[in-house]
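[1] sequence first, predicted coordinates after that:
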Amino acid sequence: MLARPRDFEALQERGAIRSNALLAARTLRTENGITRFGLATGRTLGSAVVRNRVRRRLREAIRSMLPSLRPGWDVLLIARPAILGADHQAVMQALRRLLAKGGVLDEEVR
RNA sequence: CGAGGCGGUCGGAUGGCCGCGCGUCGCGGGGCAACCCGUCGGCGUGAGGAAAGUCCGAGCUCCACAGCGCAGGGUAGCGGGUAACUCCCGUCCGCCGAGAGGCGAGGACCAGCGCCACAGUGACGAUGCCGACCGAGCCUUCGGGCUCGGUUUGGAGUGAAACGCGGCAAGCUCUACCCGGAGCAAGGCCAAAUAGGAGGGCGCAGCCCGGUUCGCCGGGCGACAGGCGCGCUGCCCAGCCCUCGGGUCGGCCGCAUGAGCCGUCGGGUGACCGGCGGCCCCAGAUGGAUGGCCAUCGCCGUGCUACCGCGAGGCGGCGCGGCACAGAACUCGGCUUACAGGCCGCGCUCGCUGA
RNA sequence: GGGCCCGUAGCUCAAUGGCAGAGCAGCUGACUCUUAAUCAGCGGGUUGAAGGUUCAAGUCCUUCCGGGCUCA
């Protein structure tokens, strides 16, 4: 469910970007039939402990909306500092909006 | 009782639902097999005392290497511990503290070089002032006074330090001892596609012109075989096939049993060492596994409040907020730094009080 | 994960161990109708932090903090 260095470069160059207060997302269609996620947590977020926690919470949010994803997308999620103070509900909502806008989320489930 | 000192130790607990990494068993699939794969299920297991900073020291791996020296870097009372250390223990000395105690890169100005600002006569080259002493000259009321030169056993003053075998080596340096370089992105193995390399095999047709050292070379014409999936037309070209090694993407190993932990006995002032017995063997990721939601309890802060007490306060109930520093990445031994709140020990200290 | 470098005024940089400076920028005044330029003057620093060596530390030593580069 994760991407390799080459895929990150592709997302940086050609991915469509959308963002809100908590997150930014780059999305890119692929041909390999599965949807993959990459998580970016920069040094400005905080220490290793803080960055690990942010990634875990994002993974949990992604997991809970796994069934309603469309196949064939690469998604890079970039965490923004405001996510540190957000609770789980807020993270879920932010992620759902970004994915729906990008067309990664299935319309009916939305 | 209060204030401290030293050493050690813990660093939230229990449970529910969902989820993750690794190991193992089962099931299913692939393969002759070794083994590999997973939308699956069961069981087991899963961060620290600092995992951190990367400041030292080792193991391990590759490279280099006859020996010795030079260069470069490091260490520095003395003795011991250790695989090793800049670490640890003991002890001497110096400094700090009222004390328990803490801190210390603590060898040598012997050889050479350098530095010692300001102040001060003078900072290593010396001798200014007062005084004392010696000598010479002048004056004299014969008590002595003045001037000049010399000496430094005294004094004042400046300064961190004042002539003394000066001080400074966390200045160069000297002395003694130690050190080869890189680092797990080390290094090893497997190994696509494309291109290129080596070896072998197969295949081709020659003719003409020019040059020639008679080995061949250059140009032109031509097209059997070969290639474009096959046939014809057409087009292309000197190759085509096999094997081998290097090597990129990618994958696997290295990769977790170790200077290991616990108990006990013995030796040693101690660091530590030795014997015996036991051990659930206790994380192994590779975009990097511990999370999400919730309940109960514990601790801390805060607000309201019942009761007890003259009072400082004590003891309950309820609500809200919080629970430190921080996340393994080849592995150990140290050091340093960060850290809410506790617990234990001392035949350690000081103060007050009581017997 | 490993290796290496840097840190002085708002900015760019100096300073044999001996009172921390230069240029630009800033402020005040002059010149000008005004601005720019020019001239005169002024302020501004825990030398990243804390210890140590020294009579004396930006400089020497140690430990932290912050920033940057690099590897296949």
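    Yep, that arrived. Numbering: from 1, shown residues only, chains lettered A, B, ... in the order given.
[2] strands of chain A, start to end?
    With DSSP state E as the criterion, chain A has strands at A:16-19, A:23-29, A:36-40, A:73-79.
[3] residue contacts, residue A:17?
    A:24-26 (Cβ atoms under 8 Å, 6 or more residues apart in numbering). For glycine as for every other residue, the C-beta is placed from the backbone atoms N, C-alpha and C.
[4] other SSEs contacting the helix or strand bottoming out on mean pLDDT in chain A?
    Sorting the helices and strands of chain A by mean pLDDT, DSSP states H and E puts helix A:5-14 at the bottom, at a mean of 70. Packing partners of helix A:5-14 (3 or more Cβ pairs under 8 Å, 6 or more residues apart in numbering; DSSP states H and E): strand A:23-29, strand A:36-40, strand A:73-79.
[5] give me the distance between the residue most central in space within chain A and residue A:62.
    Nearest to the mean C-alpha position of chain A, counting by Cα atoms, centre = their mean, stands residue A:77 at 3.2 Å. Here residue A:77 is placed at a distance of 8 Å from residue A:62 (Cβ to Cβ, to the nearest Å).
[6] who touches both of the two?
    Joint contacts of residue A:77 and residue A:62 (Cβ under 8 Å, 6+ apart) are A:37, A:95.
[7] what ranges in chain A fall below the confidence cut-off?
    A:1-6, A:9, A:31-33, A:106-110 (pLDDT under 70).
[8] counting residues, which helix of it comes out longest?
    helix A:48-64 (DSSP state H).
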